[in-house]
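Student: Compute the structure for the input listed below.
(one chain, ligands or ions: 1)
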Amino acid sequence: MRSDGDCWGITESVGATALGVAAARAAETRRPEGLVRDPYAEDFVLAAGPGARMPVVRAFDDETGMSSTYIGVRSRFFDQFCAASAGGVTQTVILAAGLDTRALRLLWPTGSTVFEVDQAAVLAFKDRVLAGRHGDGARRVLVSVDLREDWPEALLAAGFEPSHPSAWLVEGLLPYLPASAEADLFDRIDALASTGSRIAVEQVDAGLLVERSEELSALLGIDLAELMYLDRRPDPADRLRRRGWSVSCTAATDFAKAHQRDLDTAQFGGIATFVEATKPTALGMTG
Ligand SMILES: C[S@@+](CC[C@H](N)C(=O)[O-])C[C@H]1O[C@@H](n2cnc3c(N)ncnc32)[C@H](O)[C@@H]1O
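Tutor: Numbers count the residues shown, from 1 in each chain. Down below sits the predicted model:
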């Protein structure tokens, strides 16, 4: 059950979902046709020790491969977004970074900074496992703050420069935020993003998720409804359009097909959409 201001370690509550996603990336990394290569993912699962035997991790590293396939597909979309953004921006903000290792595993233009925002215990676990390893080109800056709090202040204090274009990743986050925190999130991103900034968002249909949460929960062995806020809210794509961003959307199942992978439409059809958007310049041209 969630509550205002709740916090978690890597094997508990919402923290365990970061570990589950890492387990899925480890599984997808092992597949010859895998859409993500994350050499650090397995280290996280092993380092979590006995806690890693929890159902959420097993389910993502599942025998049917469906959950880890979805995470592979999602990872590839966000990886491509980072590559496409790299020419124009040198600061990337990963909101709810969890055990995301893009700062280490992707190639970044020299002088890039990747801000990883998440709760303190999640980032502390991650840093302990990574033990000072560095990537190519990007400086990692950890921002330990709750995304229901005044996170822009923490981001600015960590060196984020709002007058320069930025790239934003919102992956695996929104259902874990109350509706008001999600509304604030987009207001704050819009306020911090200069023209030419870009964003990628995993948009989840809360209605469908409610319908299928029983099936998903059985698959995961946990009650997702206990971790997620399933109240309906405006689509992120609409929020961005209303703020003047130029938006494009791709159904996760279509993105999977385009990458020669099949996502079971009975399970995933209509649930997830990958949203990409650019904040236009003052002349209305996308940068
Ligand atoms: C499903 S994981 C996704 C992690 C990462 N984006 C990925 O795709 O690998 C969800 C993450 O959201 C973070 N999270 C959820 N609510 C949060 C909040 N209110 N403040 C900070 N982090 C939050 C959790 O700690 C966890 O790391």
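Student: in the stretch 51-200 of the chain, which spans are helices?
Tutor: When assigned using DSSP state H, counting those that start in this stretch, the helices of the stretch 51-200 of the chain occupy the ranges 55-60, 66-85, 102-105, 120-130, 151-157, 179-192.
Student: Can I get these in JSON lines including mean neighbour count?
Tutor: (C-beta placed from N, C-alpha, C; glycine too.) Conversion of these to JSON lines gives the following (neighbours: other Cβ atoms under 10 Å):
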{"stretch": "helix 55-60", "mean neighbour count": "21"}
{"stretch": "helix 66-85", "mean neighbour count": "22"}
{"stretch": "helix 102-105", "mean neighbour count": "21"}
{"stretch": "helix 120-130", "mean neighbour count": "18"}
{"stretch": "helix 151-157", "mean neighbour count": "16"}
{"stretch": "helix 179-192", "mean neighbour count": "17"}
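Student: Which among those helices is found nearest to the ligand?
Tutor: helix 120-130 (4.5 Å; Cβ to the nearest ligand atom).
Student: Please enumerate residues in contact with that closest one?
Tutor: Counting by Cβ atoms under 8 Å, 6 or more residues apart in numbering, helix 120-130 makes contact with 7-10, 15, 18, 40, 43-44, 47-48, 97-99, 101, 104, 116, 142, 144, all of which sit outside it.
Student: Check which residues of stretch 266-283 are buried.
Tutor: Burial within stretch 266-283, assessed by neighbour count using 16 or more other Cβ atoms under 10 Å, is assigned to Q267, F268, I271, A272, T273, F274, V275, E276, A277, T278, K279, P280.
Student: Can you give me the pLDDT of L283?
Tutor: Reading off the per-residue confidence, L283 sits at a pLDDT of 50.
Student: count of neighbours near the residue in the stretch 151-287 of the chain that the ligand sits nearest to?
Tutor: Distance from the ligand to each residue of the stretch 151-287 of the chain (Cβ to the nearest ligand atom) is smallest for G172, at 3.1 Å. Residue crowding around G172 was assessed by other Cβ atoms under 10 Å; the count is 22.
Student: now G196
Tutor: Around G196 there are 18 residues (other Cβ under 10 Å).
Student: which residues touch it?
Tutor: With contacts taken as Cβ under 8 Å, 6+ apart, G196 has the following neighbours: G88, V89, P165, T278, K279, T281, G287.
Student: Which residues does stretch 75-93 contact?
Tutor: Counting contacts by Cβ under 8 Å, 6+ apart, the residues outside stretch 75-93 that touch it are 25, 28, 35-36, 38, 102, 106-109, 111-115, 117, 138, 155, 160-161, 164-169, 171, 196-198, 200, 250, 252, 255, 259, 274, 276, 287.
Student: can it be found next to the ligand?
Tutor: No: using Cβ under 6 Å from any ligand atom, stretch 75-93 stays clear of the ligand, with a minimum separation of 7.4 Å.
Student: So that it lines up with my notes, have the first residue be 664 from now on.
Tutor: Shifting the count to begin at 664 puts that one at stretch 738-756.
Student: Now tell me which helix or strand of the protein has the poorest mean pLDDT.
Tutor: helix 718-723 (a mean of 64; mean pLDDT, DSSP states H and E).
Student: Could you verify my assumption that Y892 touches V867?
Tutor: No: look at Y892 against V867 with Cβ atoms under 8 Å: they stay out of range, at 11.0 Å.
Student: Can you check which residues contact both of those two?
Tutor: Common neighbours of Y892 and V867 (Cβ under 8 Å, 6+ apart) are P838.
Student: and those two? which has more neighbours close in?
Tutor: Per other Cβ under 10 Å, whichever of Y892 and V867 has more neighbours is V867, with 20 against 17.
Student: Appreciated, that's everything.
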